[in-house]
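J.: Fold the following.
(one chain, ligands or ions: 1)
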Amino acid sequence: MKDLIKNIDVNYAVIPCAGRGTRFLPITKGIAKEMCPVIDRPTLDYIIDECLDSGIKNIVFIISKDKEETIKRYYSVDKEFEDELEKANKLKEKELIHSIGTKCHIDYVLQDELLGLGHAVYLAKDIIKDNNFVVCCGDDICTYQKNNPPIKQLIECFKKVNRKCVVGGNEIERKYVNKYGVMDVIKKIDSRTYQLKGIIEKPSIEEAPSNLASLGKWVFPSKIFDYLKNTPKGKGGEIQLTDAIALLMKDEEVYFYDFIGKRYDCGDKLGYLKAIIDIALSRDDLKDGLYEFLKEKVK
Ligand code: UTP
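T.: I've put the predicted structure just below:
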């Protein structure tokens, strides 16, 4: 009974953030792209907050050796800094930094060799055990209505389709399909849910089977680890998450959910800039000043 209950909810998120970030060089030579600031918080923190808004409190970071120190420092309690702020009567600031170190439970797993996203996810196996879990790329953030985060929508879909794998994404303009994993659909289940027969990685515009693109979020049953274990190296000599999903699809249904929310690829320079501008325009302390500045610029 205990095991059954354990499997019912999705309480874990695996966030791979060990990648080199070559699209974002040269800054990624010295700073992890996942720690680059979107205004006053690192990219990673927006993902953590989306997990928390979705009811997930257990986070597994897959990190590389060179990112370990910065990420761990940001997410641990800094008693000395807190005491300093208290002495200076900066209690709001003290509370703010305290909350970062305590808002969720974090496990860290080192990826020694960059063998791909599938390999990164597989490394979480001993922590996830037989639990269902979410995977979110460490460089993808979303803006959303507070009570309806994309991760929560994907979990609801996962429950609706009897806890089968759900790939999260959006319908995109046809001209961009060659940048994404694109869904080959068997049938539409409802306005946002589709059953899949395949995922085609970065197809040409002519060959793309649909406009539905995978955008860095998935919900998995724990059995995906058995498939990842047997996934051979694919494109670029890496173990691809998409290849493991293709193996899973041979044995059971896999679904796509077209989530509500705006996604930004912060591993891409333009995507990162768009995230900063949109998030600043949604903040009361920044929107008026930025809007005035942009109005002047566009003139
Ligand atoms: P990306 O392909 O976007 O990240 O992987 P990358 O490899 O850092 O990017 P570029 O192309 O070189 O700029 C998606 C997510 O998976 C992680 C990355 O850190 C990123 O958050 N990842 C990728 C790993 O953790 N390990 C890997 O071996 C590959």
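J.: For residue 263, give the beta-bridge partners.
T.: Per DSSP bridges, residues listed as beta-bridge partners of residue 263: residue 142.
J.: Show me which residues of the stretch 151-299 of the chain sit near the ligand.
T.: Where the stretch 151-299 of the chain comes near the ligand, counting by C-beta under 6 Å from any ligand atom, the residues are residue 267. (Glycine included, C-beta is placed from N, CA and C.)
J.: Tell me where the stretch 1-150 of the chain is predicted with low confidence.
T.: Across the stretch 1-150 of the chain, residues meeting the criterion (pLDDT under 70) sit at 1-8.
J.: right, and residue 211 touches residue 178 too?
T.: No: at 11.9 Å, residue 211 does not count as touching residue 178 under the criterion of C-beta atoms under 8 Å.
J.: As a check, name the ranges of all strands in the stretch 151-299 of the chain.
T.: Here the stretch 151-299 of the chain has its strands, by DSSP state E, counting those that start in this stretch, at 166-171, 181-188, 193-201, 212-220, 255-258, 262-265.
J.: of all these, which lies closest to residue 88?
T.: strand 262-265 (35.1 Å; C-beta to C-beta).
J.: returning to what we had before: among the strands of the stretch 151-299 of the chain, which comes closest to residue 81?
T.: Across the strands of the stretch 151-299 of the chain, the minimum distance to residue 81, taken as C-beta to C-beta, is reached by strand 262-265, at 29.6 Å.
J.: what distance separates that closest one from the centre of its chain?
T.: Per C-alpha atoms, centre = their mean, to the nearest Å, the displacement of strand 262-265 from the mean C-alpha position of its chain is 10 Å.
J.: Residue 99 in helix, strand or coil?
T.: Under the three-state scheme (DSSP: H, G, I helix; E, B strand; the rest coil), the conformation of residue 99 reads as helix.
J.: gap between residue 254 and residue 193?
T.: The gap separating residue 254 from residue 193 is 12 Å, by C-beta to C-beta, to the nearest Å.
J.: Counting neighbours, go ahead and name the busier of these two.
T.: In terms of neighbours (other C-beta atoms under 10 Å), residue 254 is the more surrounded of residue 254 and residue 193; the figures are 25 against 16.
J.: Pretty sure that one sits against residue 194.
T.: No: under the criterion of C-beta under 8 Å, residue 254 makes no contact with residue 194, lying 9.8 Å away.
J.: okay, and the common contacts of the two?
T.: With contacts taken as C-beta atoms under 8 Å, 6 or more residues apart in numbering, residue 254 and residue 194 have no neighbour in common.
J.: Now the phi/psi pair for the residue nearest to residue 268 when sequence neighbours are not counted, please.
T.: Computed as C-beta to C-beta, 6 or more residues apart in numbering, the closest residue to residue 268 that is not its neighbour in sequence is residue 23, at 5.7 Å. Phi and psi for residue 23, reported as degrees, to the nearest 10, are phi -70, psi -10.
J.: Who are the contact partners of residue 23?
T.: For residue 23, the contacting residues are 267, 268, 269, by C-beta under 8 Å, 6+ apart.
J.: can we see that at 10 Å?
T.: The contact partners of residue 23, by C-beta atoms under 10 Å, 6 or more residues apart in numbering, come to 33, 139, 265, 267, 268, 269, 271, 272.
J.: Tell me the spacing between residue 26 and residue 240.
T.: When distance is defined by C-beta to C-beta, residue 26 is 27 Å away from residue 240.
J.: Which one of these two is surrounded by more residues?
T.: Per other C-beta under 10 Å, whichever of residue 26 and residue 240 has more neighbours is residue 240, with 22 against 7.
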